[in-house]
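Asks: sequence and predicted structure below; questions after.
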Amino acid sequence: MLFVVLLLLSSCKKQFIENPLDAILDSDHPAIATVMDNLEAHEVQIKVSEVLLWTDNNLSSSTYGFQVNDNNYFYPASSVKFPIAVLALEKVNATEGITSKTPYLVEGDSVYSTIRDDIKDIFAVSGNVSYNRLYEFLGRDYINAKLREKGLQPARISHRLESNDAMNSKTKQVIFRREDSTFYKLPYMIDSEIKTYPLNKLNKGKGFYKDGHLVNTPMDFSKRNYLPISTLHEMMTRIQFPEAFEFEKQFILDSEDQKFLLEIMQIVPRYAGFDEKNYYDGYVKFFMYGDTTERIPEHISISNKVGYAYGYLTDCALIEDHKYGISFIVTATLHVNKNGIFNDDVYEYESIGIPFLAEVGRQLHKYYIQKEIYLDEHGD
């Protein structure tokens with residue numbers, strides 16, 4: 001049974017209370033206090049679960065959150081690459097004659113890639129080009145239909161990233177080159193028009209830049225990608241522990257692709273062939289290590305997907321410490337855009353956002369170690 005317990009060790013009374021976030025977010029550490037002193041501006045949402053895996057596959061969870069509200073919109077940025085990567089693996093597994101290792105071209109490409117190459121790029125450095133290629137392979141309607149079928153709602157994937165035709169309803173031509181040098185051509189798809197969700201806070205800030213000019217009205221996010229932290233949190237749990245869920249809620253991958261996905265979600269850039277000077281271990285692993293260029297210790301693994309754009313920072317991670325035998329899933333988002341202007345590239349990522357997420361991760365990690373030690377000494 002997968003059993004989730006959330007407890008907090010009180011330093012003065014050596015007793016546990018139910019919600020660790022209450023004490024963690026009350027910390028006087030500057031990285032946390034700076035955000036908590038201005039909660040409305042930072043739009044903080046956090047969800048956390050401790051993972052204890054038993055012998056059978058029943059899931060019993062007790063999850064705790066702070067300000068989690070699926071109706072309050074935030075821009076998910078590159079965190080949407082998480083479901084796209086998984087759905088691409090599932091679709092290629094279900095397509096006869098091609099695999100995740102089959103070379104393919106998207107209209108406009110000059111070199112071949114593979115589904116695995118693009119997924120590796122997505123998790124190692126959060127590549128936008130790789131995401132857009134997989135988006136063309138899947139199509140908007142397919143993505144959203146699959147998420148609905150699996151009960152991963154609310155969610156809506158609307159568009160490509162950093163693209164001149166981000167919301168074009170027509171996908172590009174996709175061609176796979178089989179081992180026998182024959183080709184599998186995926187026909188163009190015409191997706192349905194983007195519909196808006198009735199969400200709160202869809203108009204944000206006080207202005208934004210468009211074509212180099214400042215527009216002094218709030219920015220409209222009503223047709224942008226939408227992926228709340230509750231859906232991200234649920235998806236991470238299903239990917240890591242698929243057998244704990246009913247078959248129709250699982251992602252259907254072959255054993256090799258399942259192993260590949262779990263391994264690649266942990267990868268740090270230096271193991272993916274990127275220069276460590278520019279792409280340090282915490283480059284796209286914000287919890288615990290996002291604010292340092294130090295290497296992540298070998299006994300700690302972080303399977304995650306981050307997103308950051310328009311001042312929004314999001315991370316969804318399974319953090320495992322093999323030295324202490326602890327693991328927990330944490331998902332969080334916050335906004336850092338002090339001047340209220342979008343597209344000016346003036347966001348407090350490095351000074352406020354990433355330090356907050358890193359410290360939240362460190363304090364949760366410390367708490368679970370303390371809990372493990374306490375239980376070893378005092379019993380359950």
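Replies: Cool, the structure landed.

Asks: quick one, what contacts the closest residue to Ala309 other than its chain neighbours?
Replies: Nearest residue to Ala309, sequence neighbours excluded (C-beta to C-beta, 6 or more residues apart in numbering): Ala77, at 3.8 Å. C-beta here means a position set from N, CA and C on the backbone, and glycine is covered the same way. Ala77 makes contacts with Gly307, Tyr308, Ala309, Tyr310, Tyr312, Thr314, as judged by C-beta atoms under 8 Å, 6 or more residues apart in numbering.

Asks: mind redoing it with 7 Å?
Replies: Contact analysis of Ala77 by C-beta atoms under 7 Å, 6 or more residues apart in numbering lists Gly307, Tyr308, Ala309, Tyr312, Thr314.

Asks: check what pLDDT the third one gets.
Replies: For Ala309, the pLDDT comes out at 98.

Asks: cool, and the fourth one?
Replies: The predicted structure scores Tyr312 at 98 on the pLDDT scale.

Asks: and the closest residue to it other than its chain neighbours, how close does it get to Asn339?
Replies: What sits nearest to Tyr312 in space, not counting adjacent residues and going by C-beta to C-beta, 6+ apart, is Tyr75, at 4.5 Å. Distance of Tyr75 to Asn339, given as C-beta to C-beta, to the nearest Å: 17 Å.

Asks: ok, the two, which is more surrounded?
Replies: Per other C-beta atoms under 10 Å, whichever of Tyr75 and Asn339 has more neighbours is Tyr75, with 23 against 13.

Asks: how is the more buried one assigned, secondary-structure-wise?
Replies: With DSSP: H, G, I helix; E, B strand; the rest coil as the basis, the three-state label of Tyr75 is coil.

Asks: and the lengthiest helix in the chain, what's buried?
Replies: Determined from DSSP state H, the single longest helix within the chain is helix 354-378. By 16 or more other C-beta atoms under 10 Å, the buried positions in helix 354-378 come out as 354-365, 367-372, 374.

Asks: rewinding a little: check contacts around the residue nearest to Tyr312.
Replies: Phe221, Arg224, Ala309, Tyr310, Tyr312.

Asks: just send the residues you listed back as CSV, with distance to Arg156, secondary structure and neighbour count too.
Replies: As requested, the contacts of Tyr75 are exported to CSV (distance: C-beta to C-beta, whole Å; DSSP: H, G, I helix; E, B strand; the rest coil; neighbours: other C-beta atoms under 10 Å):
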residue, distance to Arg156, secondary structure, neighbour count
Phe221, 12, coil, 21
Arg224, 9, coil, 22
Ala309, 17, strand, 20
Tyr310, 17, coil, 18
Tyr312, 16, strand, 23
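
Asks: where exactly do the strands run in the stretch 101-250 of the chain?
Replies: 104-106, 174-177, 183-186, 203-204, 207-210, 213-215, 219-220 (DSSP state E, counting those that start in this stretch).
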